[in-house]
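K.L.:
fold the following and give me the result.
(4 chains)
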2 protein chains.
Amino acid sequence: MATSRRGKLQFGNLLLNGHLALPPAQRSATVRAMAVERSRSFRRALGLLEALGTDDVVAAGGCGVNELATLTGMDKSQASRLLATMADAGYVDRDARTRRYRLGWQVFALAARSGDQRLLSAAGPVLVRLVREIGESSHLSVLRGTAVLTLLTESPSRAVQAVSWVGRLAPATSTSSGRALLLDHDRGQLAAMFGSERWPAATAKSPRDVDDLAERITLARAAGYARVEEESEPGLVAVAAPVRDAAGRIVAAVNLSAPRFRLGRRLARAGVAVAAAAADLTAALGRPAPAMMEEAFA
Amino acid sequence: MATSRRGKLQFGNLLLNGHLALPPAQRSATVRAMAVERSRSFRRALGLLEALGTDDVVAAGGCGVNELATLTGMDKSQASRLLATMADAGYVDRDARTRRYRLGWQVFALAARSGDQRLLSAAGPVLVRLVREIGESSHLSVLRGTAVLTLLTESPSRAVQAVSWVGRLAPATSTSSGRALLLDHDRGQLAAMFGSERWPAATAKSPRDVDDLAERITLARAAGYARVEEESEPGLVAVAAPVRDAAGRIVAAVNLSAPRFRLGRRLARAGVAVAAAAADLTAALGRPAPAMMEEAFA
DNA sequence: AACAGCGTTGCCGAGGAGGCAACAGTGTAT
DNA sequence: ATACACTGTTGCCTCCTCGGCAACGCTGTT
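P.N.:
Okay, the predicted model is just below:
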């Protein structure tokens, strides 16, 4: 659980606009100190949405007004009003029976047009092939701020996870995908992003500071893939490689992860496979986009 | 292009909060008439997001502040400020070079936790099989208000569409998926949803009024699948069947659509296949959810 | 019946929304 | 090089929405 500038809860879940949860007294003090608060109500509404995207809420199948209000630290009246307008617009759905709110389909509709659709559609088949080759689950991720956002998961059909990693943030410093995404960053850039003091370590093997991180990234650069063993979670190993756009900039990472006892021995092979998959994806992005074709629907 | 209550543009694209585009004078008059305007800034922000989700904007690869302001009918200063906060939160991305805004990954992250993830993950393989069997593209849709929202597309790899149907709304009355979703509605419910007067027809074959619709739905009920020929677009035929939850309620629809010259002759066979796929999906949803399993990520 | 908890609504002061206009950058025509 | 058109940002100031408080209606429990 690292907290970044402005005190947002960053990892383990979606972003929560941090200081909104402060009691009114402290909050207004904070506000007076740092200029003015911009788009207050809008940010609160986003806070509600993000709270509804929390694992526990999703798992519980929704959340009531009061609960949401306390979660986001605002008055229940405001929560009620904001949720009503969001429901009107379709961004939240309300269960007719339990009167609890869930994220609505409109969010889904928006998402289908967000981000880089070319990347997503090109990545699907690549991940499938990779998973078939190695037999472990694979992810596509991008860098968002200082965190890694997972966009796509593909797993050997061994189990369907109820709440997938898709849409979640993970620390960039101690994950294979994060290292791959940072492959082109030098020590200076890393220091600017993560600060130069010592970091709280997720496990004993996690990098402790910038030098530590830079060193491991150098190794990854040499190998062509990043390799992480039990740095974010004990017993877990992973490899990842960067995907580049036509201009050569790193835009995404492909990884493979599994328990050490299953993948440990084949880690080098997995690394090569992941690098090859990332190269495939890079090649796919390098080509001009396929002709626009409006697919029929009736 | 049907306009529903409160004058929102409903079909052909994402919802746009209609009257915000009015000039200030008229708007304030309207507002004074109908109580107070709730969550004004928030709705404006949503308007911006939805504008960014417009086909033309997505196809153009983003949109500038000025253009967005005129699109949503607000002052560019406000647009600039709202976009800035949205960029902070990750809901929009700004191209560093062109300075144009696009929908950000945070929207994607939220969406990954919205809707019924069980439905989506179960539907993927079913659609793939269906597409492989018939060789035409297939969609999964749900009912949202009086419109059909497409959640998933699977097409034979013949072409990758740049902007897919996913996330778009289509009229329920003249699409196969819509009919399938309305399969359990009787004439009274249909009248309540769509009104009893005559409707504007998309094509010559579209249903004209409730009786017309109810009759076609009865036929679909008898056949086990809905069949639509050139009702939403000339030259296009489609079949669809309803997916039910454990309680037997219709929650989604699976369809197949293609140009008449490719699918016309096999339409009955396609209907049976679609019904079978929908039944498979229904069966999958009937089973208790697979044990929650947190998939590892590193 | 009394109670506890949830969600909605009215009220009203304070602070953010948002229109206007000046300003700063950038690419294009003169 | 100058002027121009256009873009996006920022300051200012009014007005209206925000949002805290509290009362209310409702439902389920003790």
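
K.L.:
list the contacts of stretch A:57-71.
P.N.:
Stretch A:57-71 is contacted by residues A:48, A:51-52, A:54, A:75-76, A:78-80, A:83, A:95, A:98-103, A:162-163, B:113, B:117, B:292 when judged by CB atoms under 8 Å, 6 or more residues apart in numbering or on different chains. C-beta here means a position set from N, CA and C on the backbone, and glycine is covered the same way.

K.L.:
distance between that stretch and the chain's centre?
P.N.:
In this view, stretch A:57-71 has its centroid 22 Å away from the chain centroid, taken as CA atoms, centre = their mean, to the nearest Å.

K.L.:
same question, stretch A:85-92
P.N.:
25 Å.

K.L.:
list buried residues within the contacts of stretch A:57-71.
P.N.:
For the contacts of stretch A:57-71, a burial check counting by 16 or more other CB atoms under 10 Å in any protein chain shown picks out A:48, A:51-52, A:54, A:78-79, A:83, A:100-103, A:162-163, B:113, B:117.

K.L.:
just flag the most distant two among those residues.
P.N.:
Among the buried ones among the contacts of stretch A:57-71, the pair separated by the greatest distance (CB to CB) is A:Q78 and A:A162, at 31.6 Å.

K.L.:
returning to what we had before: wait, which of the buried ones among the contacts of stretch A:57-71 is closest to B:A202?
P.N.:
Proximity of the buried ones among the contacts of stretch A:57-71 to B:A202 (CB to CB) peaks at A:L103, which lies at 30.9 Å.

K.L.:
my guess is that closest one contacts A:G53, does it?
P.N.:
Yes. Applying CB atoms under 8 Å as the test, A:L103 and A:G53 come out as touching, 6.1 Å apart.

K.L.:
any common contacting residues for these two?
P.N.:
Common neighbours of A:L103 and A:G53 (criterion: CB under 8 Å, 6+ apart): B:110, B:113-114.

K.L.:
identify the bridge partners of the residue in the stretch 101-250 of chain A positioned nearest to DNA strand C.
P.N.:
Going by CB to the nearest atom of the strand, DNA strand C is nearest to A:Y101 of the stretch 101-250 of chain A, at 7.8 Å. Beta-bridge pairing of A:Y101 under DSSP bridges involves A:C63, A:R94.

K.L.:
give me every residue that touches it.
P.N.:
By CB under 8 Å, 6+ apart, the contact set of A:Y101 is A:52, A:62-65, A:68, A:83, A:87, A:92-95.

K.L.:
with A:T85 instead?
P.N.:
Contacts of A:T85 (CB under 8 Å, 6+ apart): B:38-39, B:42-43.

K.L.:
the helix or strand containing it vs DNA strand D: in contact?
P.N.:
In this structure, A:T85 sits in helix A:76-89 according to DSSP states H and E. Yes. Helix A:76-89 reaches DNA strand D (CB under 7 Å from any atom of the strand) through A:76-78, A:81.

K.L.:
filter these by proximity to chain B?
P.N.:
A:R81 (CB under 8 Å from any CB of the partner chain).

K.L.:
need the residues of helix A:76-89 next to DNA strand D in CSV with pLDDT, can you?
P.N.:
Shown next, in CSV, are these (pLDDT from 0 to 100):
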residue, pLDDT
A:K76, 91
A:S77, 91
A:Q78, 91
A:R81, 91
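
K.L.:
show me where chain A dips below the pLDDT cut-off.
P.N.:
Scanning chain A for pLDDT under 70 picks out A:1-36, A:158-163, A:287-298.

K.L.:
CA atoms only for the helix or strand harbouring A:Q189, dumped as PDB, please.
P.N.:
According to DSSP H and E, A:Q189 maps onto helix A:187-194. Provided in PDB are the C-alpha atoms of helix A:187-194 (Å, rounded to 0.1, in the frame of the first residue of the first chain):
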ATOM      1  CA  ARG A 187      18.100   6.200 -13.100                       C
ATOM      2  CA  GLY A 188      17.200   9.900 -13.200                       C
ATOM      3  CA  GLN A 189      13.700   9.300 -14.600                       C
ATOM      4  CA  LEU A 190      13.100   6.500 -12.100                       C
ATOM      5  CA  ALA A 191      14.100   8.800  -9.200                       C
ATOM      6  CA  ALA A 192      11.800  11.500 -10.500                       C
ATOM      7  CA  MET A 193       8.900   9.000 -10.600                       C
ATOM      8  CA  PHE A 194       9.400   7.100  -7.400                       C
END
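
K.L.:
got the buried residues for it?
P.N.:
Applying a neighbour-count criterion of 16+ other CB under 10 Å, one finds A:190-191, A:193-194 buried in helix A:187-194.

K.L.:
which one among those residues gets closest to DNA strand D?
P.N.:
Nearest to DNA strand D, judged by CB to the nearest atom of the strand, of these is A:M193 at 22.2 Å.

K.L.:
indicate the residue of the stretch 51-200 of chain A located nearest to DNA strand C.
P.N.:
Residue of the stretch 51-200 of chain A nearest DNA strand C, by CB to the nearest atom of the strand: A:G64 (2.5 Å).

K.L.:
just the ones in strands from the contacts of A:T85, please.
P.N.:
Within these, no residue falls in strands by DSSP state E.

K.L.:
if we can go back for a sec, which of the residues of helix A:76-89 next to DNA strand D are close to DNA strand C?
P.N.:
Filtering the residues of helix A:76-89 next to DNA strand D for proximity to DNA strand C (criterion: CB under 7 Å from any atom of the strand) leaves A:76-77, A:81.

K.L.:
quick one: which of those residues is nearest A:E229?
P.N.:
Using CB to CB, A:K76 comes nearest to A:E229 of these, at 46.9 Å.

K.L.:
next, count neighbours for the nearest residue to the closest one once chain neighbours are set aside.
P.N.:
Once flanking residues are discounted, A:K76 sits nearest to A:A69: 4.0 Å by CB to CB, 6 or more residues apart in numbering or on different chains. Using other CB atoms under 10 Å in any protein chain shown, A:A69 has 21 neighbouring residues.
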